[in-house]
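**Q** Here's a sequence, model it:
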Amino acid sequence: MYALAAFVTLFILGGSLFFARNAYVQSKKLGMSKELVKKAVVSSVSFSVLPSVGIFIGVITMSGMLGIPLPWIRLSVVGALHYELMAASVAADGITLAAMTTENLVTIAFVMTLSILWGGLFAIFFLKKYQTKVISKATGSGNKGFGKFLFDAVFIGMISAYVGDAVAKIVKYDTRVVIDGAYALDGMGNYILEDHKTFVPIIVLLSAMAAMAFFDWLIRKKQVKWLENFSLALSMIFGMIVAVVLGIGGIY
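**A** Have a look, this model is predicted:
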């Protein structure tokens with residue numbers, strides 16, 4: 001499993017270096033300035049390395065149940081942290097996870113992998129046609145209104161889903177009862193659940209929003225231009241720090 005994880009990681013790094021080299025060669029052909037290329041590189045690095053801190057934390061979190069190789073593979077390629085945690089949780093809910101057996105690990109890995117395959121398959125067979133249509137909608141004379149707001153609408157919809165989840169947990173969400181370090185089961189082998197409320201997600205959300213607003217103020221009013229490439233990533237990290245501090249303080 002470790003050898004497989006190392007192979008996948010090296011393959012992805014090799015692909016990244018290959019396309020980075022091709023992009024650099026193409027920038028020379030297009031006569032792009034060194035300043036513009038440097039800005040693109042810095043932006044790409046910042047949006048790759050800094051958010052990876054959260055992904056690394058996710059690998060550590062999931063390794064407690066699934067070991068290191070599987071989360072390492074999943075989060076190194078097409079997996080997203082929120083998706084992997086959700087998929088693993090859904091799969092674990094469907095089995096009696098009193099102990100992590102080989103069968104249980106295979107079941108969880110199968111659910112996590114099968115559920116996310118469709119994005120990759122869509123990209124292979126339909127992405128080129130989809131991109132052509134999206135570009136035509138964004139640039140066509142009769143569809144400028146739609147194209148202008150398409151991606152903003154999708155992004156706001158995604159953010160709204162996270163906001164809704166954070167607000168819902170203020171009211172109620174179910175947690176598993178733990179007895180002597182293990183999840184408690186009823187006579188039918190199902191997990192025993194109890195109602196719980198938490199303000200942590202909404203506090204983290206508002207903290208990250210405040211951090212982003214502060215960085216935006218520094219960029220626009222104080223002309224701290226280098227923050228343009230780091231503001232989103234730094235806001236994410238600030239939200240994570242707030243969550244950790246709340247956990248250390250016993251607030252869950």
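**Q** So for Ile248, what pLDDT did the model give?
**A** With respect to pLDDT, Ile248 has a value of 87.
**Q** can you check Thr139 too?
**A** 62.
**Q** Check Tyr83 too.
**A** 72.
**Q** With the one 3 residues further on instead?
**A** pLDDT for Met86: 72.
**Q** outside of the host helix or strand of it, which residues touch it?
**A** Secondary structure assignment for Met86, by DSSP states H and E: helix 81-93. For helix 81-93, contacts defined as CB atoms under 8 Å, 6 or more residues apart in numbering pick out 54-55, 58, 61-62, 65-66, 71, 74-75, 104, 107-108, 110-112, 115-116, 191. To be clear about C-beta, it is placed using only N, CA and C from the backbone, and glycine gets the same treatment.
**Q** mind redoing it with 6 Å?
**A** By CB atoms under 6 Å, 6 or more residues apart in numbering, the surrounding residues in contact with helix 81-93 are 55, 58, 74, 107-108, 111-112, 115.
**Q** What subset of those is buried?
**A** For the contacts of helix 81-93, a burial check counting by 16 or more other CB atoms under 10 Å picks out 55, 58, 74, 107-108, 111-112.
**Q** pLDDT and secondary structure added to those, as CSV?
**A** Formatted as CSV, the buried ones among the contacts of helix 81-93 follow (pLDDT from 0 to 100; DSSP: H, G, I helix; E, B strand; the rest coil):
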residue, pLDDT, secondary structure
Ile55, 75, helix
Gly58, 73, helix
Arg74, 83, helix
Thr107, 85, helix
Ile108, 84, helix
Val111, 84, helix
Met112, 83, helix
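**Q** Of those, which is the nearest to Gly250?
**A** Lowest distance from Gly250 to the buried ones among the contacts of helix 81-93 (CB to CB) belongs to Gly58, with 22.5 Å.
**Q** how near is the closest one to Met240?
**A** 10 Å (CB to CB, to the nearest Å).
**Q** go on, Lys38?
**A** Using CB to CB, Lys38 is found at 28 Å from Met240.
**Q** quick one, which of the two is more surrounded?
**A** The neighbour comparison of Lys38 against Met240 (other CB atoms under 10 Å) goes to Met240, with 16 against 10.
**Q** That one: which element?
**A** Met240 belongs to helix 231-248 when assigned by DSSP H and E.
**Q** which helices and strands does that helix pack with?
**A** If you count contacts as 3 or more CB pairs under 6 Å, 6 or more residues apart in numbering; DSSP states H and E, helix 231-248 packs onto helix 34-66, helix 200-221.
**Q** the helices in the stretch 51-200 of the chain, which residues?
**A** Assigned by DSSP state H, counting those that start in this stretch, the helices in the stretch 51-200 of the chain fall at 69-76, 81-93, 102-139, 144-171, 200-221.
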